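> A structural model of the following input is requested.
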Amino acid sequence: MTSQLDPISLVLTYSAIAVYVAAFLSYVFALAGHATNARRQLVSVGGPTVSQRGEEAQPEAAPDSRSARVGYALTALGWVLHLAAAVVRGVAAERVPWANMFEFSLTGTLLIVAVFLVVSRRARILILGPVVVGLVILLLGGATVAFYVPVIPLPPALESAWLVIHVLVALLATAFFGIAAVLSVTQLVKARHEKRSVPAVRTARLLDAIPAADYLDRLAYRLTIIGFALWTFTLMAGAIWAGRAWGRYWGWDVKEVWTFVIWVVYAAYVHAKATRGWEGNRAAWLSIIGFAAVLFNFGVVNVFFTGLHSYSGL
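This is a model prediction of the structure:
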C-alpha cells in the first residue's frame, strides 16, 4: 500500500508547482496593473507620489488588486497540495518526510510558503508574492528533478526522535531566514530608489508598490529574531543528538562547522541591530549573507562534502 503512495506524492508535488506558477503569474499581473495605475496617477497629479517624496509607506497602503487576491488564493491552494504531497510522502515512508535532500526540499519549501502566507496576512507587500513564489518554484522544481529518490529506509543514525525535532526546527528557521532575506533584498532596492532625487518613472511605477525601506528593515529583523532563536535550538539539539548517536557532542564535521558559521553570521546581525544600531544597507547585507550561507550549507555541503552527515544527500 505504501509503495503505491509515493507516485501520488510526486503527482501532488508537480500539481503544487503548477499552481504556484499560476500564482506567480497572477502576482506579476498585479504588479503590472499597479504600475499602470501609478503612471496614470502621476500624470493626472503632475508630481511625485508619496513614496517618491521619501515619506514612509504604510503596509496597509499596498495595493490589494483582484490579481493580487487571486495570486494569494492560488498560493494557498498550492500550499494545500504541497502539504498533501509531504503528508503522503511521509505516510508512504512511514516516517517524517525529511530524511534526504528531496524530502528536505519538499518540507523546507512548504514551510517557506507557510511563513509567507502568514506574513502576507499582516503586511501586504505586493513584491513579496512573485519573489517568494518564484523562489519556491525554482527550489522545489529543481529539487524534484535533481534530488528525487523513491522511498527508502532510514539510515541507523537517523532512527531517533531527534530527527523530528532537530530537522523540523532547522527547516522552520530556514523559512524565516528566507523571507527575511527576500525583504532585505527588497529593502536595498527600495533604499536606492528613495535616495534618487528624480527617480526613473518606469522604475518608480513598480517600486511604489513597496513600503518604505525602514519598514522592510524592521520586518526583516523581527523575522530574523525568530529564525535565530530556532537556529540556536537547532545547534543545541544537533549537539545533543550527536552525543547520543556518535558519543561526542562536537566533532568539527563539515556540516557542524557550517551550522555554526550560519549561527555566527546571524548572531552578528542580531548584535549589530540590537546594540550597535545598524540600520539600512549594512544590516540588509548581513541578512543576505546569512541566507546565502544557509543555501550553501544545504545545496553544496550536503551534496559535495563527505562527512558524518553525508546521509542527508541520499
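
> Can you report how many residues neighbour Val11?
Neighbour count of Val11, defined by other CB atoms under 10 Å: 13. Where C-beta positions appear, they are placed from N, C-alpha and C, glycine not excepted.

> Now stretch 29-42: average pLDDT?
Stretch 29-42 shows an average pLDDT of 63 in the prediction.

> I meant to write stretch 87-103 there.
On average, stretch 87-103 scores 90.

> next one: stretch 210-219
88.

> now for the helix or strand hosting Lys190, which elements pack on it?
Here Lys190, judged by DSSP states H and E, is contained in helix 168-195. With contacts taken as 3 or more CB pairs under 8 Å, 6 or more residues apart in numbering; DSSP states H and E, helix 168-195 sits against helix 101-122, helix 128-147, helix 201-207, helix 213-246, helix 281-296.

> in it, what counts as buried?
For helix 168-195, burial by neighbour count (16 or more other CB atoms under 10 Å) applies to 168-191, 193-194.

> how about Trp252, secondary structure?
Secondary structure assignment for Trp252 (DSSP: H, G, I helix; E, B strand; the rest coil): coil.

> That one: what's it in contact with?
Residues counted as contacts of Trp252 (CB atoms under 8 Å, 6 or more residues apart in numbering): none.

> Would you mind measuring from it to Val294?
Separation of Trp252 from Val294 (CB to CB, to the nearest Å) stands at 20 Å.

> same question, Trp263
In terms of CB to CB, Trp263 sits 11 Å off from Val294.

> quick one: which of these two has more around it?
Taking neighbours as other CB under 10 Å, Trp263 and Val294 compare with Val294 leading, 25 against 18.

> Now do that one against Pro150, distance only.
Val294 is 27 Å from Pro150, where distance means CB to CB.

> got the buried residues for stretch 147-157?
Judged by neighbour count using 16+ other CB under 10 Å, the buried positions of stretch 147-157 are Phe147, Tyr148, Val151, Leu154.

> So what's the gap between stretch 25-32 and the chain middle?
The chain centre lies 20 Å from the centre of stretch 25-32; the measure is CA atoms, centre = their mean, to the nearest Å.

> So Leu74 sits against Phe29, correct?
No: in this structure Leu74 lies outside contact range of Phe29 using CB atoms under 8 Å: 11.5 Å.

> what's the distance between the nearest residue to Val301 once chain neighbours are set aside and Thr174?
What sits nearest to Val301 in space, not counting adjacent residues and going by CB to CB, 6 or more residues apart in numbering, is Trp258, at 5.2 Å. According to CB to CB, Trp258 and Thr174 sit 13 Å apart.

> ok, back up a step: check the gap between the residue nearest to Val301 and Arg276 for me.
With CB to CB as the criterion, Trp258 and Arg276 are 25 Å apart.

> returning to what we had before: looking at the buried residues of stretch 147-157, which is nearest Gly90?
Closest to Gly90 out of those is Val151 (9.6 Å), distances taken as CB to CB.

> The helix or strand containing Lys255 to helix 168-195, inter-axis angle?
Using DSSP H and E, Lys255 maps to helix 254-274. Interaxial angle of helix 254-274 relative to helix 168-195 (axes from the mean of the first three to the mean of the last three CA atoms, to 10 degrees): 40 degrees.

> pLDDT averaged over helix 254-274 - what is it?
In this model, helix 254-274 carries a mean pLDDT of 91.

> related to what we said a few turns ago, in a markdown table, list the helices and strands packed on helix 168-195 along with distance to Ala23.
Compiled in a markdown table, those are given as follows (distance: least, CB to CB, whole Å):
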| stretch | distance to Ala23 |
| --- | --- |
| helix 101-122 | 10 |
| helix 128-147 | 5 |
| helix 201-207 | 18 |
| helix 213-246 | 21 |
| helix 281-296 | 22 |
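
> For the ones you listed, which has the smallest mean pLDDT value?
Among those, helix 201-207 has the lowest mean pLDDT, at a mean of 60.

> Give me the nearest residue to Ile226, chain neighbours excluded.
Per CB to CB, 6+ apart, closest to Ile226 is Phe176, 5.0 Å.

> For that neighbour, report the pLDDT, please.
At Phe176, the pLDDT value in this model is 96.

> Nearest to Ala18, out of the helices and strands packed on helix 168-195?
Nearest to Ala18, of all the helices and strands packed on helix 168-195, is helix 128-147, at 9.6 Å by CB to CB.

> got the angle for the closest one vs helix 168-195?
Using the same axes, to 10 degrees: helix 128-147 against helix 168-195 is 140 degrees.

> Send over helix 128-147 as PDB, restricted to the C-alpha atoms.
The C-alpha coordinates for helix 128-147 follow below in PDB (Å, rounded to 0.1, in the frame of the first residue of the first chain):
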ATOM      1  CA  LEU A 128       6.900  39.500  -1.900                       C
ATOM      2  CA  GLY A 129       4.400  37.400  -3.900                       C
ATOM      3  CA  PRO A 130       6.300  36.900  -7.200                       C
ATOM      4  CA  VAL A 131       9.700  36.800  -5.500                       C
ATOM      5  CA  VAL A 132       8.900  34.300  -2.800                       C
ATOM      6  CA  VAL A 133       6.700  32.100  -5.000                       C
ATOM      7  CA  GLY A 134       9.200  32.300  -7.800                       C
ATOM      8  CA  LEU A 135      12.000  31.200  -5.400                       C
ATOM      9  CA  VAL A 136       9.900  28.300  -4.200                       C
ATOM     10  CA  ILE A 137       9.200  27.200  -7.800                       C
ATOM     11  CA  LEU A 138      12.900  27.100  -8.500                       C
ATOM     12  CA  LEU A 139      13.900  25.300  -5.300                       C
ATOM     13  CA  LEU A 140      11.100  22.800  -5.300                       C
ATOM     14  CA  GLY A 141      11.200  22.200  -9.100                       C
ATOM     15  CA  GLY A 142      15.000  21.900  -9.100                       C
ATOM     16  CA  ALA A 143      15.000  19.500  -6.100                       C
ATOM     17  CA  THR A 144      12.300  17.300  -7.700                       C
ATOM     18  CA  VAL A 145      14.300  17.000 -10.900                       C
ATOM     19  CA  ALA A 146      17.800  16.700  -9.300                       C
ATOM     20  CA  PHE A 147      17.200  15.000  -5.900                       C
END
